[in-house]
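J.: Quick one: sequence plus predicted model below, questions after.
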Amino acid sequence: GLFPNKSGGASIYGAAAWVRYSKLIAPLSVWCNWFAWSPVLSLGCSIAAAYILNALVPVPGADAPEVVAWLAANGASVAGDDAAKIAAAIAAVQPSIRNWTLFTTTLGPVSLSLNAAFFIGMVLMLLTFAIQHRGILGTANVQKWIGLLVVVPMAIVGIVPLVTGQVNMANFSDLVPLAAAYAPEPGAWNVAGWTLVLGGMFIAAWSTYGFETAVCYTSEFKNPGTDTFKAIFYSGLLCLGLYILVPFTFQGVLGLEGMLATPIVDGSGVADAMATMVGGGTFVHGLLVMMMILALMLAIMTAMAGSSRTLYQGSVDGWLPRYLSHVNEHGAPTRAMWTDLIVNLVVLAIACADATSFFFILAVSNCGYIIFNFLNLNAGWIHRIDSGNVARPYRAPNWLLGLGTLFAFVNAAFMGAGAKVWNPSALWAGLITAALIIPVFWFRHYIQDGGKFPHEMAEDLSTGTTAKKAGMLPYLTLIAGIAVVLLANAFFVI
């Protein structure tokens, strides 16, 4: 490709397009990609830890004998309706380990807790680190088998209800937004309704665009010229199929109230729903719980691979501190991986504290992901203008580059309108987090490197041409993107 010597993912290639126009915009792409991908480690580990905790010390159901006994003895003294009394009973009789915490505190809009889920998640994170330490070959072999164990059952869950006639098409009407988040009452296609829809699309972007990480292994592929295209194309095709099939089946079987049930929203009841869909008993339920844990482990390994290689290549190119450019004997960027691990242990403690903290981290990281996507989708046409004569293994048609540019602005609207749905301060926290690259890059470029790029990056800048053929277009694109975010945030309100 344009930069066959690089590892680190799409943000690295995008940064090379922007660096001719601004030294600050280029590292922004790398930084936003990292703080978007890196929290997948902590968020994934927190969900997997919850599954393990539920399997080892499950929360008693509303009809459990101990819950019934507690209600009989104490229900009259609890204020509220029956649902509130049942919730109080379950909280009172559930195993004490679920309420235990070694330390807890608050940090601005979020909480932090070193509870049981945190320590289970920490073990999972260390296990992932050990696998990644072996480099791409060992990691790829593990991921291949985990991927099969996840994809095949997921496809079965998506197909079986269609074959057995469990999908009720009435569950897809009326096709209107919710009146309020997490409430089953239908709303209308007004400003508030569209805001909730855009909030859903905002988070869906974080979930579905992630197959772009297939290119993070580019320099480690046997044949980067052909394998990179195969990796991104077939990963996208697989994700597209499953992301259409499985949500369609869930909505068709569970309906609106089922989809908004607490166990589905927080993820703890997804395996139960899957077992019901395929007609399985306790054994099938156990297999599906294991599948969900493996799916999360696959996401965690993918995230560590992508985010650590982004840190590594960002360091090699002169965006991030020098110490991150070290690799071990297997070619794995271990210092970047350690940095990822330490940061994510802190984020894990936040994610495990409560749902508000979890969704805050998710929304902030997605702001970074949308910024990265905006810069990268526009980097395509910048590369085409500035370096159109350079040979490529695959040359995207011009109409595809144009479509990517259009979607870049659609994503910007998702962020401006939708981030507030998950937390009122998420958008501004995301923008502040993105701006933290300024002192980091300033330290590396002007303090460590004396205002000059490393030799490797200087070579990349001479690829194709050093002229800025795009003129003012990149700057006008940035201004337009900022305007879309601010206008969408001002217009769309709940």
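T.: Done, it's in. Residues are numbered from 1 along each chain as shown.

J.: Show me where the stretch 351-494 of the chain dips below the pLDDT cut-off.
T.: 392-394, 456-467 (pLDDT under 70).

J.: one more time with 50
T.: For the stretch 351-494 of the chain, the stretches with pLDDT under 50 are 463-465.

J.: With the chain instead?
T.: For the chain (pLDDT under 50), the answer is 463-465.

J.: now the strands: where do they sit in it?
T.: 101-107, 110-115 (DSSP state E).

J.: what's the most buried one of those?
T.: strand 110-115 (a mean of 20; mean count of other C-beta atoms under 10 Å). For the C-beta atoms, the positions are set from N, CA and C on the backbone; glycine is no exception.

J.: Distance from that strand to the middle of the chain?
T.: 21 Å (C-alpha atoms, centre = their mean, to the nearest Å).

J.: Repeat that for stretch 36-48.
T.: Chain-centre distance of stretch 36-48: 8 Å, with C-alpha atoms, centre = their mean.

J.: Can you lay out the strands of the chain as a markdown table showing distance to Trp338?
T.: Output for the strands of the chain, formatted as a markdown table (distance: least, C-beta to C-beta, whole Å):
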| stretch | distance to Trp338 |
| --- | --- |
| strand 101-107 | 23 |
| strand 110-115 | 20 |
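
J.: closest one to Asn74 among those strands?
T.: strand 101-107 (24.3 Å; C-beta to C-beta).

J.: Direction included, what does the closest one pair up with?
T.: Looking at strand 101-107 with DSSP bridges, its partner strands are strand 110-115 (antiparallel).

J.: got the CA positions of the partner strand in PDB?
T.: C-alpha atoms of strand 110-115 as PDB (Å, rounded to 0.1, in the frame of the first residue of the first chain):
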ATOM      1  CA  VAL A 110     -18.300   8.900  37.600                       C
ATOM      2  CA  SER A 111     -17.600   6.500  40.400                       C
ATOM      3  CA  LEU A 112     -14.700   4.100  41.000                       C
ATOM      4  CA  SER A 113     -14.900   0.800  42.800                       C
ATOM      5  CA  LEU A 114     -12.500  -2.100  43.500                       C
ATOM      6  CA  ASN A 115     -15.200  -4.700  43.800                       C
END
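
J.: Ok, which of the strands of the chain comes nearest Ala305?
T.: strand 110-115 (26.9 Å).

J.: closest to Pro58 out of the strands of the chain?
T.: Nearest of the strands of the chain to Pro58, taken as C-beta to C-beta: strand 110-115 at 16.5 Å.

J.: which outside residues touch the closest one?
T.: By C-beta atoms under 8 Å, 6 or more residues apart in numbering, the residues outside strand 110-115 that reach it are 100-106, 346, 349-350, 352-354, 356-357, 360-361.

J.: could you redo the last one with a cut-off of 6 Å?
T.: The contact list for strand 110-115 (C-beta atoms under 6 Å, 6 or more residues apart in numbering) reads 101-105, 349-350, 352-354, 357, 360.

J.: want to try TSV for those, with distance to Ala188 as columns?
T.: Listed next are the contacts of strand 110-115 as TSV, based on distance: C-beta to C-beta, whole Å:
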residue	distance to Ala188
Thr101	43
Leu102	47
Phe103	46
Thr104	41
Thr105	42
Ala349	40
Ile350	36
Cys352	37
Ala353	35
Asp354	31
Ser357	32
Phe360	28
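
J.: Which single one of those residues is nearest to Glu257?
T.: Asp354 (24.0 Å).

J.: what number of residues lie near that closest one?
T.: Here the number of neighbours of Asp354 (other C-beta atoms under 10 Å) works out to 14.

J.: Who does the closest residue to it other than its chain neighbours form a beta bridge with?
T.: Nearest non-adjacent residue to Asp354, counting by C-beta to C-beta, 6 or more residues apart in numbering: Ser111, 5.6 Å away. Beta bridges link Ser111 to Thr106, judged by DSSP bridges.

J.: Quick check: the two most widely separated of the contacts of strand 110-115?
T.: So, these by C-beta to C-beta: farthest apart are Leu102 and Phe360, at 21.9 Å.

J.: For the spatially most distant residue from the centre of the chain, which residues are in contact?
T.: Farthest-out residue of the chain from its mean C-alpha position, per C-alpha atoms, centre = their mean: Ala73, at 45.0 Å. Contacts for Ala73 were tallied using C-beta under 6 Å, 6+ apart; there are none.

J.: Ile293 touches Ala50, doesn't it?
T.: No: in this structure Ile293 lies outside contact range of Ala50 using C-beta atoms under 6 Å: 10.0 Å.

J.: if I look at those two, which residues touch both of them?
T.: With C-beta under 6 Å, 6+ apart, Ile293 and Ala50 have no common neighbours.

J.: Now do the residue most central in space within the chain against Ala116, distance only.
T.: For the chain, the residue sitting closest to the mean C-alpha position, by C-alpha atoms, centre = their mean, is Trp206 at 4.6 Å. Applying C-beta to C-beta, to the nearest Å, the value for Trp206 to Ala116 is 27 Å.
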